[in-house]
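Peer 1: Quick one, structure for this:
(2 chains)
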Amino acid sequence: MPNRSFFWFFLPAGLAMILFIGLPIISTGVQSFYAQHDQILVEVKKCDPFGCKVSVVVDQEATSKVRDEKPLGKFNGFGTYIDRNHLAVDQVSEFWDESKSIGDFINKVGNLPFYKALVFTLTYCVFVTPCVLLLGFIIALSLNAISRKIRGPLIFGTILPMIVTPLVGSLVLFWMIDAEGIIGANLQMLMNDPYLSLKSSKTLMWITIIIYGIWHHSPFAFVVFYAALQTVPQEPLEASIIDGASRFQRVKHIVLPHIYPVVTFVALISLMDNFRVFEPIIGFSAEGSAQSLSWLIYDNLVNEEVILFGSAAATSIMTIVGISIILAPVLIRTWREFKTNR
Amino acid sequence: MKRILIALTFLLFGTYANADCNIKSGSINILANDFPALRTLVETASECKGKADFKVTHSAEHNKIAVPALTANPSEFSVRVAANSSIVPLMNADLIRPMNDLVKKYGKGIQDSQLITIDGKVMAVAFMANTQHLYVRTDVLKENGIAIPKTYEEVVAASEKIRAAGKMKYPYAAAYKAGWNLAEEFVNMYIGHGGEFFKAGSAKPNINNAKGIATLNMLKQLADLSNPDHLTHDSEAIKVEWEAGNVAIMTLWASRSGTLLDDDGDAKITAATKLVAPATVGGGNIPAATLWWDGFTLAKNRSDADAEASFRAMAHAASSKEMVAKAADQAVWLVEGFVPGPKSVGVIEAVKMGAKPYPMLPQMGLMHGALGSEIVEFLQGNESAEQALKDVEAAYMTKAKEQGFL
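Peer 2: Presented below is the predicted three-dimensional model:
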C-alpha cells in the first residue's frame, strides 16, 4: 500500500485513537501532578437523632472560591508519585538505613502498597505468560494432529474459558474453593486440617489466581497458534520425515521458526494483558491477599468514600510506564527484524 | 383491545387514587442502598408520586455511584438516601442542598428529632436508626450452659466453649470482608475501648496506641473463632452462614434482621435466634458499636421543581404512620407512631447504653479506607499489631495530605 493511501486509510482510526485514548491519557497525566486544595474547615453545631455536638465541616463558601480560581487543584509536581502510597522514596531510603539485612529491607519495602501490588503483578506476569504460550502451543499442536471430524467441537470446547466472562469464571471458581465448596472442602479433608482456607492463605490465593489466569488466557494463544499452524508449508515437513526427523525435531526446526513472528505477537499481547490483571482479584474477593496495580487504581477511585483522583492518575501513568518497560525488549527486537528484512 | 383499555384506565385510576400529595410536575430519581426497610420506604414514597416521573436505583454499590452521579449537572439522581458516613463525601463536595424552606412548607409530619442540621441548615431527614449488635442462638447457648454474652470477652469464652464441645467448628461470625466491612468492625471495637480516631482539634491520626492494639487483638481472637474465609465474608455471607446453622453468636446490622427472621429457611434456627444488646469490650461501659441513621438528602445540581417534588414524596414516606405500623419489624423507624418490637432490641439497648454515633467528620472516610486495607495482614498473621497500626496511620496521612486535610 502506498504511504498516501495508507495515511487516508488510517486517518479515521488514528483520530479516534487520539480522541478516546491519547487525550484521556494526557489528561490523566496532567491530573497526576495536582492534589486537592487545602481543606478549609469550620466548627459548626451538628444535630442528628442521637443529639447535638460541636464538630467540623468543610467550609463550602471559602472552598468554592478557591476551587473556581484553580479548578485543577493545588500543583503538587511529582509529590503524589513519590509519596508513601506510590514510589515511597522517603520510606525506602529510611528502610535502607535502618535495615540490618537485605531480607529485612525487602520485607519492609514489600509492605508498602505500591510495591506490594507491583510484586504481585510481576509474579502474575512471570508465571502466566510463559505457561499460556506453552499450553496454547501444545493444545494447538495436538488439535492440529487430530482427525478433522472431531476437531470442530474440540476447538469450541478449548476456547470456552475465553468465552466465559472473566468475572463469572472467577466467581464459579471462588465458590468451588470456598471452605464449604467442592475443592475447598476436599482439600481440608485431604490435608486433614479443618481450618485450612484457600481464601485466607496468601500463597494459596496467589496460586489460585495464577492458575485461573492460565486457564483464562490459554485459549487466546491457542487460537492464534492454531491459525498460524495452518500456514506451515507441507513440503519441508514431508522432506524432513523422509530424512528421518522425529516429531520433536520437526516442531523445533520447521514449525517453530515458521510461526516465530506469531509467538512474539502473542507474547506481547499476553504480557500487556497480564500486567493489567484486575478481574480475578474482584471475582475472588482476594483484595486482602493480592493487589495489582490496576486494583490500586480501582481502589482509589471507588473503594474510598472520598475519591483520590491524583493517586489514581499517578498509578495509571506508572502502569503505562511499566507496560512500556516490559514491552521494550520485544518491541526493539521486532523493529530490528523488520529493518533487516527490508 | 377493549379489555386492555379498561385495564389501563384502572391502572391510571389506581395511581390517582394513591396520589395524596398532589405533585403536579417534576421528576424524582432515588439512589438508595438495598435492604428491605429502604425498599419499603421508597415504595411508600412512590405512592404519592402524582404526575411526577418516578425512578429508583437500589444498589449495594450505592457508595461508589453517589459522588460521581451527584457531581454531574444536572445530576442523575434527585434524592440520595444516605447514612451518617455516606453523607460526609456529599457535604465535602457540596453536592446536597439545605431544605429548611421545604421542611417548613411540606414537612408537617416530620419530627424535629428527624432533622440532621449543620449550623441550623437541614441537610438530611432521617427515618431509621441502625447499629450492629449481637445475635445469639438460644438453643446452642442453653445446651452448653452459657449465659447470653454481654462483653466481647464473654463472646470469646462462649465461642471457645461451643467449639470445644464439638458442636460447631466456627461458632462466631461478623462481616470481616477486607475493605469497608472490616474497617467498620475496627471502628466499633475501637470506640468500645474508648478510643478517639484523631488528635483533638486536628486531622492527625491517633490510633497507634494501647487501645488500638487491644482492638486488633480482640478482632483477631474473634476472627480465629470464625469461618477461615472470614476475610471474604460480608453481611450477606454471614447471614447465609447463620441460616445454615453454622454459627451460634454473630455481630450483624439491626437492619438485616428482617430477612433473617422471615419464614424462609430452617424454622428451628429462626425460632432460636434472639437479638440482644451490643457487647461492650475491655471493661468499658459504652457498647463496641456505632449508632447510624439512614435519611434522605436532596441533590444540589437538580432543578428546584425536581427537588420540591422529591422532597414531598420522600417526606410523605418519612412521616407515614401507616408504613411504620405495617413494616414495624423491618427497622427501628424514627418516624412518629413507631412502636418498637422484638427486632428493635439491639438499637434501643445500644441507645440506652450510651453508644456513640459513627463519627461524621470530613476526613473519616479516608481513615475508614486506610483501616480496611492495612489491618488485613495482621489478621492473616503476617504482621504485628504495632506494624499494622503504623501502616494505617502512614497510609491515612498520605491520603489526607493529597486531599488537603493535613
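
Peer 1: If we go by neighbour counts, what in stretch A:246-264 is buried?
Peer 2: Buried residues in stretch A:246-264, counted by 16 or more other CB atoms under 10 Å in any protein chain shown: A:250, A:254-255, A:258-259, A:262-263. Every C-beta, even on glycine, is put in place using the N, C-alpha and C of the backbone.

Peer 1: Format these as JSON lines; extra columns: secondary structure and pLDDT.
Peer 2: Formatted as JSON lines, the buried residues of stretch A:246-264 follow (DSSP: H, G, I helix; E, B strand; the rest coil; pLDDT from 0 to 100):
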{"residue": "A:Arg250", "secondary structure": "helix", "pLDDT": "91"}
{"residue": "A:Ile254", "secondary structure": "helix", "pLDDT": "92"}
{"residue": "A:Val255", "secondary structure": "helix", "pLDDT": "92"}
{"residue": "A:His258", "secondary structure": "helix", "pLDDT": "92"}
{"residue": "A:Ile259", "secondary structure": "helix", "pLDDT": "92"}
{"residue": "A:Val262", "secondary structure": "helix", "pLDDT": "91"}
{"residue": "A:Val263", "secondary structure": "helix", "pLDDT": "91"}
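
Peer 1: Show me the helices in the stretch 1-150 of chain B, by range?
Peer 2: Along the stretch 1-150 of chain B, counting by DSSP state H, counting those that start in this stretch, helices occupy B:2-18, B:36-47, B:62-71, B:87-92, B:100-106, B:138-143.

Peer 1: Contact residues of the stretch 101-250 of chain B facing chain A?
Peer 2: Proximity of the stretch 101-250 of chain B to chain A, by CB under 8 Å from any CB of the partner chain, involves residues B:113-120, B:126, B:129, B:169, B:177-180, B:227-232.

Peer 1: so what's residue 70 closest to, chain neighbours aside?
Peer 2: Let's take chain A. A:His37 (7.2 Å; CB to CB, 6 or more residues apart in numbering or on different chains).

Peer 1: try again with chain B
Peer 2: Per CB to CB, 6+ apart, closest to B:Leu70 is B:Leu95, 4.2 Å.

Peer 1: Please work out how many residues are found near the one you found.
Peer 2: By other CB atoms under 10 Å in any protein chain shown, 22 other residues sit near B:Leu95.

Peer 1: check contacts around it.
Peer 2: B:67, B:70-71, B:75, B:299-301 (CB atoms under 8 Å, 6 or more residues apart in numbering or on different chains).

Peer 1: go on, B:Ala254?
Peer 2: Taking CB under 8 Å, 6+ apart, one finds B:129-133, B:275, B:331-332, B:343-344, B:346-347 in contact with B:Ala254.

Peer 1: try A:Phe75
Peer 2: Counted by CB under 8 Å, 6+ apart, A:Phe75 has contacts A:33-34.

Peer 1: before we move on, the earlier item: pretty sure the residue nearest to A:Lys70 belongs to a helix, no?
Peer 2: No - looking at A:His37 with DSSP: H, G, I helix; E, B strand; the rest coil, it is coil, so not inside a helix.

Peer 1: Any chance of CSV for the contacts of B:Ala254, columns pLDDT and neighbour count?
Peer 2: Putting these into CSV (pLDDT from 0 to 100; neighbours: other CB atoms under 10 Å in any protein chain shown) gives the following:
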residue, pLDDT, neighbour count
B:Ala129, 94, 24
B:Asn130, 93, 24
B:Thr131, 94, 25
B:Gln132, 95, 30
B:His133, 95, 26
B:Leu275, 93, 20
B:Ala331, 87, 28
B:Val332, 91, 24
B:Lys343, 83, 19
B:Ser344, 88, 20
B:Gly346, 91, 26
B:Val347, 92, 28
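
Peer 1: would you list the helices of the stretch 1-150 of chain B in TSV and tack on mean pLDDT?
Peer 2: Rendered in TSV, the data for the helices of the stretch 1-150 of chain B read as follows (pLDDT from 0 to 100):
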stretch	mean pLDDT
helix B:2-18	47
helix B:36-47	92
helix B:62-71	88
helix B:87-92	90
helix B:100-106	93
helix B:138-143	94
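
Peer 1: want to throw the ones you listed into TSV with distance to B:Ala210 and mean neighbour count?
Peer 2: What follows is the helices of the stretch 1-150 of chain B, written out as TSV (distance: least, CB to CB, whole Å; neighbours: other CB atoms under 10 Å in any protein chain shown):
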stretch	distance to B:Ala210	mean neighbour count
helix B:2-18	58	10
helix B:36-47	38	21
helix B:62-71	32	19
helix B:87-92	28	22
helix B:100-106	45	16
helix B:138-143	32	16
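
Peer 1: do you know which of the ones you listed lies nearest A:Asn300?
Peer 2: Counting by CB to CB, A:Asn300 lies closest to helix B:62-71 out of those; the figure is 12.1 Å.

Peer 1: quick one, helices of the stretch 101-250 of chain A?
Peer 2: Under DSSP H, counting those that start in this stretch, the stretch 101-250 of chain A gives helices at A:102-109, A:113-145, A:148-163, A:166-176, A:182-191, A:202-229, A:234-242, A:247-250.
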